[in-house]
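Q: sequence-free structure coming up:
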């Protein structure tokens, strides 16, 4: 793989760009502080804007790494920040159980990376997240040249299933996910292979 870090990406309606501490107000107000948005995510809604600022300050330090991928999702016309999307090494529990994969030869494809995302509910059901996921997927396969990409979500998160399916991912198996506080959550595992991969 040829890691290139978080480069700005553009779609028909969106700009995907690195997040910045100046994004704190929009990030907290538009999605990070909303329990309805974070219901199925691994992290809880931020209690106040200081938690969001701490997060943004931390990831700002990571953007110099060529293997760090975390984008803010912005409306191309208004510049409003509506959500975020990332690609990161899969959580330890998923990496340690490669035998669970039914249709992916992990021993040939190598390290498991997963896509993750969150979108403010004001923008739900309008195709924005699928549009962002396709852009990030294309960057991952076309520019980075990665052999595959995984996707995981809570079993009850039907909207996330739709996003992954529309972005070309295929359901592979049921699994158990872990929230950052250690809570186990029934989940689904999806995958997509690089079109040039023969594994």
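A: Perfect, thanks for sending it. On a predicted model such as this, the values are computed, not experimentally measured, just so you know.
Q: can you list the low-confidence ranges for the chain?
A: By pLDDT under 70, the weakly predicted segments of the chain are 92-99, 197-199.
Q: list the contacts for residue 51?
A: Contacts for residue 51 (CB atoms under 8 Å, 6 or more residues apart in numbering) come out as 28, 32. For every residue, glycine as well, the C-beta is placed using N, CA and C.
Q: SS state for the spatially most central residue of the chain?
A: Centrality entry for the chain: nearest residue to the mean C-alpha point is residue 116, 1.8 Å, by CA atoms, centre = their mean. Assigned with DSSP: H, G, I helix; E, B strand; the rest coil, residue 116 falls in the strand class.
Q: distance check, it against residue 76.
A: Residue 116 sits 22 Å away from residue 76, taking CB to CB, to the nearest Å as the criterion.
Q: which residues of the chain fall in strands?
A: In the chain, the segments counted as strands under DSSP state E are 9-10, 14-18, 69-75, 81-89, 113-119, 148-154, 170-178, 184-193.
Q: CSV for these, including distance to residue 61?
A: Formatted as CSV, the strands of the chain follow (distance: least, CB to CB, whole Å):
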stretch, distance to residue 61
strand 9-10, 21
strand 14-18, 12
strand 69-75, 12
strand 81-89, 15
strand 113-119, 19
strand 148-154, 25
strand 170-178, 25
strand 184-193, 29
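Q: for residue 142, find the nearest of those.
A: Residue 142 lies closest, by CB to CB, to one member of these: strand 9-10, at 10.9 Å.
Q: now what about that closest one, what contacts it?
A: Strand 9-10 is contacted from outside by 15, 16, 17, 71, 76, 135, 136, 139, using CB under 8 Å, 6+ apart.
Q: and the furthest pair within these?
A: The largest separation in the contacts of strand 9-10, counting by CB to CB, is between 76 and 139 at 16.8 Å.
Q: the two: which is more packed in?
A: residue 139 (19 against 12; other CB atoms under 10 Å).
Q: the closest residue to the more buried one other than its chain neighbours pairs with what?
A: Distance criterion CB to CB, 6 or more residues apart in numbering; nearest residue to residue 139, sequence neighbours excluded, is residue 9 at 5.9 Å. For residue 9, the beta-bridge partners are residue 16 (DSSP bridges).
Q: all helices of this structure, in order?
A: For the chain, helices defined by DSSP state H occupy the ranges 24-27, 35-38, 49-60, 92-95, 106-109, 128-138, 158-166.
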